[in-house]
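Novice: Provided below are the primary sequence and the corresponding predicted coordinates.
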Amino acid sequence: MNNRLQLSRHIFLALALVSTFALAGIEEPSSVAQARVQSRYEVTVQNGVPFKMRDGVSLVADIYRPNAEGKFPVLLERTPYNRKGESGMAYELAAHGYVVVLQDTRGRYDSGGEFYPFRDESQDGYDTVEWAARLNYADGKVGMFGGSYVGATQMLAAMARPSHLIAIFPYLTASEYYDGWTYQSGVLMQWFTSSWTSILAVDTLRRRADEISHPKDWVAQLPVENYPVLSVPLPSDLAPYFHDWVEHERSDAYWQRWRVSDHYREMNVMGLHGGGWHDLFLKGSIKNYLGLRTEATTPEARAGQRLIIGPWAHAPTSSEGKVGDVVFGKSAVLDMTGTVLKWFDYALKGVQNEYASASPVRIFVMGDNVWRDEQEFPLARTRYTKYYLHASRGANGVVGDGELNITAPKAERADHFDYDPKNPVPTIGGRLCCGVAVPPGPFDQRPNEARPDVLIFSTPPLERDLEVTGFVSVDVYASTSAKDTDFTALLADVDPSGYARFLTDGVVRARYRNSTEHPEEIIPGQVYKYTIDLWATSNVFKAGHRIRLYLSSSNFPRFNRNSNTGESILGSSRLLTARQTIYHDSKYPSALNLPVIPR
């Protein structure tokens, strides 16, 4: 049993070697300190500072502050990924005139209590913000920053409305923790939820191991080889929340208590919202910006929202700007520390920098690979255009004749394929996290093109550049032989060599086609309209390139496989093959909906 314990710890520790920057999808350049101006303050550090939450549980923080007279704004990061991993950035921020508080969230690393994602972050965030604002060297203004779950700690704290929280910088994070974090259109985001839970379980396992480490009590045990640790089984409750997520596959009351998007009108914070076109939380990043821009409590808070979206995925960006297997250029690399400083210099110190005068939206336009400022998102000049699906012989695989164009269909035969959940379409890149086993970002989709269960619809080579920026969706008219099933869609940019670069994807579960709160059964063989939300992108399809749409019923392990039985996810293991029919004719005009930007 000791070998099993050691092996499990090694596996979990290997998975845990992911910093907040890696989870956030943005690389902090190693030369950032040298590249920026000389530090203005010497820095004093207090390690392991405890503070009791309202229920008596002590959370632990490190405090970095200027070694100087006076009071300074506070920058707070609450992380489940070990506060010590951010010491370099904390030094740099403190040297520029901030009190930086790095705190382990409840039940993580040195903090007390039990960790359960999202559950305690509102009240713990509120209590920590108000405590930090009262520090002797703090001026009463608090900002929060960080990505991924660290972004969630900000949004949940803002939901509790601490009076001293002035501004936030949540990047690559969600607006709720059902849709866009754990599920997408009713489908479990299986790779992310499983791999992220494994990372979280590392520290939980370490804490449990520490609890049973009492060597003085072991030495009296006879025979010697039977010392107690060998008889201790691995804990079975390392992540009880994962079971709860699977059990609550609907958007029910379990999830609603943490639905940030229900509380925008109660929030009074300025926000810089960072998103990535290839990030699995992109939908939430955009939604947080739009929600606070229109609903925040005060005009100042509404006017104080900013949005920046790069080509980033939920993994590091190389110094050359490589995401996935695509190099977008050095301008695609975000100077994280510099961005934090500029944003909070504006929001907390009143510095009239680019955030005071620039446009509220800044997006990276792929294809052209340039940054562009905009006044809104989606863009007011968008021309929403339907690209209809067509096929004569059939669109199955690369040998098919599936086409996309703006001509509405007339009389056309339907397309068919068999979806076998025992042989699902494999995920190739895209919006993923965590680990290297299934890497995120834009990758070539051609390995899936020979499959008969993948329908392919493409435009002819474009005669001129075509920009697509904004929200993308697909309307699919389909029937199935099953009691329930999924339909998936993926959009790609195909260059003249045939390389099919991932842009965006989506899924819909049939029983959740109209609502993720109230499932509706389907009748096998009956035609239904399914709208597949592909979230958003910004890409210029260059002249000579093709727009390509893939339709299927699986994208695994990104999404969990639909068993086609109509059973709930929890406890389900039966798998049935479904016969799928996709219609594209005058009665059922299936179409890709693209936000085309005039150029």
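Specialist: Thanks, I have the structure now.

Novice: all contacts plus neighbour counts: C-alpha atoms, from now on.
Specialist: OK.

Novice: Check whether Leu205 really touches Leu238, as I assumed.
Specialist: Yes: counting by C-alpha atoms under 8 Å, Leu238 is a contact partner of Leu205 at 6.7 Å.

Novice: Check which residues of stretch 540-557 are buried.
Specialist: 540-542, 545-557 (16 or more other C-alpha atoms under 10 Å).

Novice: Farthest pair within the residues you listed?
Specialist: By the measure C-alpha to C-alpha, Lys542 and Pro557 form the most distant pair in those, at 31.1 Å.

Novice: Send me stretch 267-275 as PDB with only the CA atoms.
Specialist: Below are the C-alpha coordinates for stretch 267-275, written out as PDB (Å, rounded to 0.1, in the frame of the first residue of the first chain):
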ATOM      1  CA  MET A 267     -21.400  45.000  -8.600                       C
ATOM      2  CA  ASN A 268     -19.600  48.300  -8.300                       C
ATOM      3  CA  VAL A 269     -16.100  47.500  -9.600                       C
ATOM      4  CA  MET A 270     -14.000  48.500 -12.500                       C
ATOM      5  CA  GLY A 271     -12.800  45.600 -14.600                       C
ATOM      6  CA  LEU A 272     -10.200  44.600 -17.100                       C
ATOM      7  CA  HIS A 273     -11.400  41.400 -18.600                       C
ATOM      8  CA  GLY A 274      -8.800  39.200 -20.400                       C
ATOM      9  CA  GLY A 275      -9.900  36.500 -22.800                       C
END
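
Novice: contacting residues around it?
Specialist: Stretch 267-275 is contacted by residues 158-159, 161, 165-173, 281-282, 285-286, 288-289, 292, 296-298, 300-310, 312, 343, 347 when judged by C-alpha atoms under 8 Å, 6 or more residues apart in numbering.

Novice: roughly how far is the one helix or strand Asn539 maps to from the heart of the chain?
Specialist: Under the criterion of DSSP states H and E, Asn539 resides in strand 528-541. Centroid displacement of strand 528-541 relative to its chain, using C-alpha atoms, centre = their mean, to the nearest Å, is 17 Å.

Novice: same for it, what does it pack against?
Specialist: Contact here means 3 or more C-alpha pairs under 8 Å, 6 or more residues apart in numbering; DSSP states H and E; on that basis strand 528-541 packs against strand 270-278, helix 282-295, strand 361-365, strand 466-480, strand 486-494, strand 500-509.

Novice: quick one, which of these is nearest to Gln46?
Specialist: Nearest of the helices and strands packed on strand 528-541 (C-alpha to C-alpha): strand 270-278, 28.3 Å.

Novice: Pairing partners for that closest one, with directions?
Specialist: strand 165-171 (parallel), strand 305-313 (parallel) (DSSP bridges).

Novice: Need those in a markdown table (columns: mean neighbour count).
Specialist: Below are the strands paired with strand 270-278 laid out as a markdown table (neighbours: other C-alpha atoms under 10 Å):
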| stretch | mean neighbour count |
| --- | --- |
| strand 165-171 | 26 |
| strand 305-313 | 27 |
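
Novice: Between the ones you listed, which one is closest to Gly367.
Specialist: strand 305-313 (10.6 Å).

Novice: when you compare where that closest one runs with where strand 361-365 runs, what's the angle?
Specialist: 20 degrees (axes from the mean of the first three to the mean of the last three C-alpha atoms, to 10 degrees).

Novice: Pull the helix ranked longest in the chain out as CSV, backbone CA atoms only.
Specialist: In the chain, taking DSSP state H as the definition, the longest helix is helix 190-211. Only the C-alpha atoms of helix 190-211 are listed here, as CSV (Å, rounded to 0.1, in the frame of the first residue of the first chain):
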residue,chain,number,x,y,z
GLN,A,190,-14.8,16.0,-19.5
TRP,A,191,-11.1,16.5,-20.2
PHE,A,192,-11.0,19.8,-18.3
THR,A,193,-13.1,18.7,-15.3
SER,A,194,-11.1,15.5,-14.9
SER,A,195,-7.6,16.9,-15.4
TRP,A,196,-8.2,20.0,-13.3
THR,A,197,-9.6,17.9,-10.5
SER,A,198,-6.5,15.7,-10.7
ILE,A,199,-4.3,18.8,-10.2
LEU,A,200,-6.4,20.0,-7.3
ALA,A,201,-6.2,16.6,-5.7
VAL,A,202,-2.4,16.8,-5.4
ASP,A,203,-2.5,19.2,-2.5
THR,A,204,-5.5,17.5,-0.9
LEU,A,205,-3.6,14.2,-1.0
ARG,A,206,-0.5,15.9,0.6
ARG,A,207,-2.7,17.3,3.4
ARG,A,208,-4.2,13.9,4.0
ALA,A,209,-0.8,12.3,4.1
ASP,A,210,0.4,14.8,6.6
GLU,A,211,-2.6,14.0,8.8
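
Novice: Give me the packing partners of it, helices and strands only.
Specialist: helix 2-15, helix 240-247.

Novice: switch the cut-off to 6 Å
Specialist: helix 2-15 (3 or more C-alpha pairs under 6 Å, 6 or more residues apart in numbering; DSSP states H and E).

Novice: sorry, back to before: neighbour count winner among Leu205 and Leu238?
Specialist: Leu205 (21 against 18; other C-alpha atoms under 10 Å).

Novice: contacting residues around Thr577?
Specialist: 419-420 (C-alpha atoms under 6 Å, 6 or more residues apart in numbering).

Novice: Gly571 versus that one, what's the distance?
Specialist: 19 Å (C-alpha to C-alpha, to the nearest Å).

Novice: repeat for Tyr177
Specialist: In terms of C-alpha to C-alpha, Tyr177 sits 22 Å off from Gly571.

Novice: quick one, which of those two is more surrounded?
Specialist: Of the pair Tyr177 and Gly571, Tyr177 is the one with more neighbours under other C-alpha under 10 Å, namely 23 against 9.

Novice: Tell me the secondary structure of that one, please.
Specialist: Three-state call for Tyr177 (DSSP: H, G, I helix; E, B strand; the rest coil): coil.
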